[in-house]
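In: Based on what follows, work out the 3D shape:
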Amino acid sequence: MKILITTDWYRPVINGVVTSVLNLERELRARGHEVRVLTVSRTHSSWKEDNTWYYLASYPLDKLYPKARATLQFHHTFIQELIDWKPDVIHSQCELNSFIFAKKIASRTKAPLVHTYHTVYEEYTHYFSLNEKIGKQAVRSFSRWTLNKTQAVIVPTEKVRNILLRYGIHKKISVIPTGISLDRFDIHFTREDREKLREKVGIPKGNQVMVTLGRVAQEKNIQELIEYVHKMQRPGFTYVIVGDGPYRHELQKLVHRLGEEKRILFTGMVPPEQTPYYYRLGDIFGSASSSEAQGLTYVEALACGLPSVCRKDPSLDDVIVHGYDGYQYSNYHEFAEAIHRMLDNPERCQEMSENALKIADKYSAKLFAKRAEGVYKAVIRKAERKNRGK
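Out: Model prediction:
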């Protein structure tokens, strides 16, 4: 099968969409398919690699969203080259620039268009609208306009499927949890290695640790965890925030105002190949985000054997099973109770760690690609029947 993937976000950027695309791309190739990727470059130049990866010149759109870029290369020779390649199916991953390319190529080649809706944009209106209500209305209208031009839609959770149904999306919506490369998190990391990394980060010897890893942005609600940790005042407890982003400076100012510089630590950005080690700094994983479509960091934490304490969210119902591999909380008292319950009972915490590994097995990249392949085959068969009927 010839599969074209289009995306606004791709390497070297690090985020959930990029991780999802890279895993899907790799596993589809492993299944014998021919895959090409069309994306925007991070510069003013266009180029391609090995007739497989196509990058279109772009300009920054940081005022719309940090690190976002756009392109006006709508008639670039790369577009015609991909039309001539005649993909069997096109899988778009973003709703802005690259969707226009996906739609154009699909129209010219008659290839069915599948789209993955990764982002709950209603939680991101502060980036592009001064009025939250108007911003949410714009998101609904734009999502409906975009997705109703596709032949099928993929979402990572039932939460996102229900949101799209509420928007009035009439296409078939398949729930396929985004997969991760589980092998990447199966690392050799001794007790001595862990102690050395903890010392490097500044964690006092013997402290219990909650770790958060990911993009440090306002919608991730990390400020809630900082305030809860401050209020809890648990002795011998450190909270480590791994990653970088536009809200880091504000959070560091908050930690300073609270006088918590010794208990709440920031590592800054770490290379992707190092993240499995940084997860293992923690005894538990914490998140207060309610903006996730799925949240790959939760699954990555599980793959590292970390039980989790996370703000209650429908997207986590099959990921963080309350009382099995972690706890979901709705307020400070539930958060504090979950922390104490796990960390005051090492045997219980170890059992939940083992359960976390079992849950992670359900989210392999191999299964993710296999299920996406099933959607491709279904839309191709439907397109063939439609063409025969003409």
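
In: The nearest residue to residue 87 once chain neighbours are set aside: what's it in contact with?
Out: Nearest non-adjacent residue to residue 87, counting by Cβ to Cβ, 6 or more residues apart in numbering: residue 4, 4.0 Å away. (Glycine included, C-beta is placed from N, CA and C.) By Cβ atoms under 8 Å, 6 or more residues apart in numbering, residue 4 lies in contact with 35-38, 82, 85, 87, 89-91, 102, 105, 111.

In: Now, of those, which are buried?
Out: Taking 16 or more other Cβ atoms under 10 Å as the criterion, what is buried in those is 35, 36, 37, 38, 82, 87, 89, 90, 91, 102, 105, 111.

In: how does the chain divide up, domain by domain?
Out: According to automatic domain parsing, the chain comprises the domains 2-179+365-389, 182-362.

In: Please enumerate the strands of the stretch 101-250 of the chain.
Out: Using DSSP state E, counting those that start in this stretch, the strands of the stretch 101-250 of the chain run over 113-116, 152-155, 173-175, 208-213, 237-242.

In: Make TSV from those and add distance to residue 357, mean neighbour count and mean pLDDT to it.
Out: Shown next, in TSV, are the strands of the stretch 101-250 of the chain (distance: least, Cβ to Cβ, whole Å; neighbours: other Cβ atoms under 10 Å; pLDDT from 0 to 100):
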stretch	distance to residue 357	mean neighbour count	mean pLDDT
strand 113-116	27	26	98
strand 152-155	26	24	97
strand 173-175	23	16	96
strand 208-213	17	23	98
strand 237-242	20	23	98
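
In: In the protein, which helix is the longest?
Out: Ordering each helix of the chain by length in residues (DSSP state H) puts helix 365-389 first.

In: all helices for the chain, in order.
Out: 16-30, 77-85, 97-109, 132-147, 158-167, 191-201, 222-232, 248-258, 275-279, 296-303, 332-343, 346-360, 365-389.

In: Of those, which stretch is the most buried?
Out: Mean neighbour count (mean count of other Cβ atoms under 10 Å) peaks for helix 296-303 among the helices of the chain, with a mean of 26.

In: what residues does that helix touch?
Out: 16, 19-20, 178, 180, 182, 185, 211, 213-214, 275-276, 279, 282, 285, 287, 292, 308, 310, 316, 319-320, 325, 356-357, 359-360, 363.

In: what ranges of this protein fall below the confidence cut-off?
Out: Within the chain, the ranges that satisfy pLDDT under 70 run 123-130, 293-294, 389-390.

In: what's the span of stretch 194-212, first residue to last?
Out: 17 Å (Cα to Cα, to the nearest Å).

In: With stretch 170-183 instead?
Out: Taking Cα to Cα, stretch 170-183 runs 37 Å from one end to the other.

In: Centre of the chain to it, how far?
Out: Distance of stretch 170-183 from the chain centroid (Cα atoms, centre = their mean, to the nearest Å) equals 12 Å.

In: Now do that stretch: everything it contacts.
Out: Counting by Cβ under 8 Å, 6+ apart, residues outside stretch 170-183 touching it are 16, 19-20, 23-24, 26-27, 147-148, 150-158, 161, 164-165, 294, 296, 299-300, 303, 318, 360-369, 371-372, 375.

In: if you set the cut-off to 6 Å instead, what comes out?
Out: Contact with stretch 170-183 is made by 20, 23, 150, 152-156, 158, 161, 164, 294, 299-300, 303, 363-365, 367-368, 371, 375, as judged by Cβ atoms under 6 Å, 6 or more residues apart in numbering.

In: And for stretch 357-376?
Out: 23-24, 27-28, 89, 114, 152, 174, 176-177, 179-182, 299, 302-303, 305, 325.

In: try 8 Å
Out: 1, 3, 23-24, 26-28, 30-31, 33, 88-89, 91, 112, 114, 152, 154, 174, 176-182, 185, 299, 302-303, 305, 318-319, 321, 324-325.
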